[in-house]
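Chemist: after the sequence you'll find the predicted model.
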Amino acid sequence: MKSKIKGRILCAAMLLCGAAIVVSSASAQDSTPPPMPERQQGPGGPGGPGRGGMMDPEHRTHMMKERLGLSDAQATQVKAVLEDERTKSEALRAANPNADRQAMRPQMEAIRKDSEARIDAVLTPDQKAKYDAMRAEQRGRGPGGPPPAGTPPPQTPPQQ
């Protein structure tokens, strides 16, 4: 009996996932982001030490353009800032290959804050409010942090 119930639950879950994929792929046809480039596996995980698999400037710009409604001119300026941030971060890591992540944190934080200030200067007040909300969401979602707003809580299977 338990086996039949588990089978039905699994089947229903698979159907729901399939429906979500169909809906997702249908809506994704309108605005498909460029394909993600291969990431190099470095000593610090995907993308190299300390990067934690951070998206490249092109993908970050695309995401911001979609979520904030950036104009093409704004997107070009934001991408330049993000590329500069990446260049400075990589140069700092290259200059300190054996440095402790905690030791580099203040310098990395300064690079990030400078980039955020430069991006803020490009945005309209409405876009800046949305961008601030995005940043707050990302800070709260760090390793082990809460999921993004609007994400349903994880489903726990019923115990029998």
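Modeler: Received the coordinates, thanks. The structure displayed is predicted, hence computed values, not measured ones.

Chemist: name the element residue 59 belongs to?
Modeler: Following DSSP states H and E, one finds residue 59 within helix 57-68.

Chemist: try residue 89
Modeler: Using DSSP H and E, residue 89 falls in helix 72-95.

Chemist: enumerate the positions of that helix that are buried.
Modeler: 74-75, 77-79, 81-83, 85-86, 88-89, 92-93 (16 or more other CB atoms under 10 Å). Any C-beta I mention is one placed from the backbone N, CA and C, and that applies to glycine too.

Chemist: nearest to residue 107 among the residues you listed?
Modeler: Minimum distance to residue 107 across the buried residues of helix 72-95 is 5.7 Å, recorded for residue 92 (CB to CB).

Chemist: contact partners for the closest one?
Modeler: Residues in contact with residue 92 (CB atoms under 8 Å, 6 or more residues apart in numbering) are 104, 107-108, 111.

Chemist: go again with 7 Å.
Modeler: Listed by CB atoms under 7 Å, 6 or more residues apart in numbering, the contact set of residue 92 reads 104, 107-108.

Chemist: ok, and the most crowded of these?
Modeler: Greatest neighbour count in those, by other CB atoms under 10 Å, goes to residue 104: 18 neighbours.

Chemist: and of the buried residues of helix 72-95, the nearest to residue 127?
Modeler: Nearest member of the buried residues of helix 72-95 to residue 127, counting by CB to CB, is residue 74, at 7.9 Å.

Chemist: picking that back up, which members of the buried residues of helix 72-95 are the farthest-apart pair?
Modeler: 74 and 93 (28.6 Å).
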